[in-house]
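>>> return atomic coordinates for the entry below.
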Amino acid sequence: MDIKFSDFHIIPDFNSVHKEGIDDETYFGDKYKKFISNSRLRWIDPNDGGSPKLFKNPPKLTTASLTLGSIIHECVLQPESFYLAPKVGKPSAKLGMVFDEIEKLTKKNQLSDDIIRKAALKVDYYSKTVDAKINIIKEAFEKYIENKQKIVVEDNKTPRFLSDKDWEIATACINSLKENKIIQNTLFPKDCFEEPYKDIYCEDAFFMDFLVTYQDKHCARLPFKLKIDNWTIDDDSMIISLNDLKTTGHSTNQFMDGSFNHYHYYRQLGVYMSVLEAYLLKEQGLSTKTGWKFESNICAVETIPNYWSNCFKIPEEELHRGIVEFSELMKRVAGYEIFGYDTELNFV
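I've put the predicted structure just below:
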């Protein structure tokens with residue numbers, strides 16, 4: 001079935017935009033499972049290996065590199081709530097992920113062979129021969145837990161644990177980001193009296209619905225969610241900055257020509273900026289029409305030696321490119337929402 005992009009219109013519902021202070025577990029949990037996100041849109045993009053089936057039931061991606069990036073984010077952006085715990089002998093790669101799964105499963109249950117088996121199968125760790133390794137895993141896990149229990153927890157903070165190898169990387173990345181004055185001034189700006197801005201926000205979750213018309217008829221409502229790493233308001237200069245923290249396994253000198261395009265960061269920031277602008281217009285009346293300027297930056301740090309970090313101001317044309325791409329992908333979602341995910345659609 002041929003279907004025209006031009007027959008669709010994606011209309012932001014500005015009345016629906018709002019902000020919530022929720023943790024990652026809630027944000028990624030069942031309550032918001034049906035919401036569309038920028039990362040989920042990759043699964044509908046045919047140019048990125050996506051399909052209606054993958055979008056409908058996106059795979060859960062859990063890797064050591066994602067965990068490393070998440071912990072670096074927490075320690076840099078929310079140091080009042082999280083800190084990197086000392087080394088405790090946690091293994092790296094998939095065995096470390098098995099330990100994480102075991103900890104989740106043993107919150108309400110005693111450690112057992114069945115729990116170890118379930119954890120290993122979930123992360124595909126020696127799936128076919130796991131029974132022969134259960135005692136080895138159990139012994140190593142119990143030693144790991146014993147080491148964790150010796151850690152003195154800082155008041156009102158949550159310790160984050162990494163493998164010894166990833167601990168070295170995370171420490172180097174965190175130090176690089178903290179020692180980079182441009183990045184610190186971007187994420188945590190200060191006024192002329194060296195006082196922090198009163199409007200510095202980290203890890204805010206935003207929600208906004210998008211209405212869909214097809215051939216001028218209202219057909220669908222698409223709920224969208226996002227989480228902004230960091231954003232600030234400079235009242236004196238009337239500048240609102242949206243800032244995203246990225247970890248990369250490549251040189252930051254190649255970031256804009258490499259990861260920025262490969263992972264469609266221009267789309268992420270374009271959409272995030274649009275939603276943030278809608279929120280600030282609704283809640284505080286701040287907009288370009290009233291003299292405010294909006295800008296976007298990426299603060300990137302290498303997870304390879306020498307762990308250089310860099311700050312990139314994103315041009316307006318890149319944000320616009322992202323919005324155009326976002327609109328096309330949302331039209332694909334709308335098409336399948338209207339005609340069914342089992343329908344073969346040819347978008348033209």
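
>>> next one: residue 275 from residue 101, what distance?
33 Å (C-beta to C-beta, to the nearest Å). (Each C-beta comes from the backbone N, C-alpha and C, glycine too.)

>>> neighbour count winner among the two?
residue 275 (22 against 19; other C-beta atoms under 10 Å).

>>> ok, that one - contacts?
17, 206, 208, 224, 226 (C-beta atoms under 8 Å, 6 or more residues apart in numbering).

>>> if we use 10 Å, what do you get?
12, 14, 17, 19, 206-208, 224-226, 228, 242 (C-beta atoms under 10 Å, 6 or more residues apart in numbering).

>>> any stretches of this protein with poor pLDDT?
62 (pLDDT under 70).

>>> what are the boundaries of the strands in it?
Ranges of strands in the chain, per DSSP state E, are 2-3, 8-12, 18-20, 82-84, 158-160, 200-214, 217-234, 239-248, 293-302, 309-313, 346-347.

>>> related to what we said a few turns ago, select only the buried ones of the contacts of residue 275 in ChimeraX?
In ChimeraX syntax, the buried subset of the contacts of residue 275 is picked out as below (16 or more other C-beta atoms under 10 Å):
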select :17,19,206,207,208,224,225,226,228,242
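
>>> what's around residue 248, how many residues?
21.

>>> so it sits right up against residue 299, yeah?
No - Residue 248 is beyond contact range of residue 299, at 11.0 Å (criterion: C-beta atoms under 10 Å).

>>> which residues do those two both contact?
Contacts common to residue 248 and residue 299, judged by C-beta under 10 Å, 6+ apart, are 309-310.

>>> and the nearest residue to residue 338 once chain neighbours are set aside, what does it touch?
Using C-beta to C-beta, 6 or more residues apart in numbering and skipping residues adjacent in sequence, the residue nearest residue 338 is residue 219, 5.1 Å away. If you count contacts by C-beta under 10 Å, 6+ apart, residue 219 has them with 8, 211-213, 334-335, 337-339.

>>> the same query, at a cut-off of 7 Å, please.
212-213, 334, 338 (C-beta atoms under 7 Å, 6 or more residues apart in numbering).

>>> which residues sit against the top helix by length along the chain?
In terms of residue count, the longest helix belonging to the chain (DSSP state H) is helix 316-339. Outside helix 316-339, the residues within contact range by C-beta under 7 Å, 6+ apart are 3, 5, 8, 10, 36, 41, 44-45, 52, 55, 210, 212, 214, 219-220, 222, 264, 266-271, 273-274, 296, 345, 347.

>>> not counting sequence-adjacent ones, nearest residue to residue 260?
Residue 260's closest residue in space is residue 266 (C-beta to C-beta, 6+ apart), at 6.6 Å.

>>> any of the contacts of residue 219 buried? List them.
Counted by 16+ other C-beta under 10 Å, the contacts of residue 219 give 212, 334, 338 as buried.

>>> from these, which single one is nearest residue 121?
residue 334 (37.0 Å; C-beta to C-beta).

>>> ok, that closest one to residue 8 distance?
For residue 334, the distance to residue 8 - C-beta to C-beta - is 6 Å.

>>> what's the overlap in contacts for those two?
212, 214.

>>> quick one on the thing from earlier: okay, the angle between the longest helix of the chain and strand 239-248?
80 degrees (axes from the mean of the first three to the mean of the last three C-alpha atoms, to 10 degrees).
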